[in-house]
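Asks: sequence and predicted structure are below.
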Amino acid sequence: MSFYVLFLLLIVVAVYWFMTQILPERRQDSLLRPSLAGGLLDQINERRHALGLVILEMDDDLMTVAERKAAHQLMTGQSAEGWEYPREYAMMLGHSLLMEALITGPAASMGEKIVRQRDIFDGEWIRCGIGVAGGQSGQIVVAMVLCREAWEPIPVPSRSLAERLVVGK
């Protein structure tokens, strides 16, 4: 009798895990349009090259952030949520080293909308992540994260205990 209860409990847990973990991730992946993201990035880089700026390099971590945000925006419509960065970027947040852009509209006019964004054509941006999500309606969401050069805090030289006692700091 206890074997059947344990087996039933295992099936319930497996179904719950599948419904809450696997299906939402598959749905999110089905909304992404990576080829459209690549095309938009090529269009941006052509314009940047014409302006004499360096081209934006794709950063895998930033691309993951942008893809998750684009899919989240399309599924929920909440623009304030969904920007989830890896730990490596925690020190960069709040130091004007990252810029987030979220643009929604029809797929046919998205290239023109992005090219009109002046902030994207600042010469200090060197890396980016771009995510595009689209559904049946023809509306797409483009999420971009632009990054300046990697910022790392300058380590404070450590003093010995004797130096700290003598100097006082």
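Replies: Okay, I see it.
Asks: just for the chain, where's the confidence low?
Replies: 1, 22-24, 26, 90-96, 150-169 (pLDDT under 70).
Asks: need the helices for this structure, in chain order.
Replies: Using DSSP state H, the helices assigned to the chain run over residues 2-17, 23-31, 34-50, 60-76, 110-115, 161-167.
Asks: what are the buried residues along the fifth one?
Replies: In this case it means helix 110-115. By neighbour count with 16 or more other Cβ atoms under 10 Å, helix 110-115 contains the buried residues Met110, Gly111, Ile114. No exception for glycine: its C-beta is placed from N, CA and C like everyone else's.
Asks: burial count for Thr64?
Replies: 16 (other Cβ atoms under 10 Å).
Asks: skipping adjacent residues, who's closest to it in space?
Replies: Closest residue to Thr64 apart from its sequence neighbours, by Cβ to Cβ, 6 or more residues apart in numbering: Gly129 at 7.0 Å.
Asks: the one you found contacts Met58, doesn't it?
Replies: Yes. At 7.0 Å, Gly129 counts as touching Met58 under the criterion of Cβ atoms under 8 Å.
Asks: look at these two and report which has more neighbours.
Replies: Neighbours per residue (other Cβ under 10 Å) separate Gly129 from Met58, with Gly129 holding more: 26 against 14.
Asks: format the helices of the chain as a markdown table; extra columns: distance to Tyr89.
Replies: Formatted as a markdown table, the helices of the chain follow (distance: least, Cβ to Cβ, whole Å):
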| stretch | distance to Tyr89 |
| --- | --- |
| helix 2-17 | 29 |
| helix 23-31 | 21 |
| helix 34-50 | 20 |
| helix 60-76 | 7 |
| helix 110-115 | 23 |
| helix 161-167 | 33 |
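Asks: so which of these is nearest Ser137?
Replies: Ser137 lies closest, by Cβ to Cβ, to one member of these: helix 60-76, at 9.6 Å.
Asks: ok so, going back, columns distance to Cys147 on top of the buried residues of helix 110-115, output as CSV?
Replies: As requested, those are exported to CSV (distance: Cβ to Cβ, whole Å):
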residue, distance to Cys147
Met110, 22
Gly111, 22
Ile114, 17
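Asks: contacts only, for the residue nearest to Thr64.
Replies: Counting by Cβ atoms under 8 Å, 6 or more residues apart in numbering, Gly129 touches Met58, Asp59, Asp60, Asp61, Leu62, Met63, Thr64, Val65, Ala66, Glu67, Met144, Val145.
Asks: repeat for Val65
Replies: Trp83, Glu84, Tyr85, Pro86, Gly129, Gly131, Ala143, Val145.
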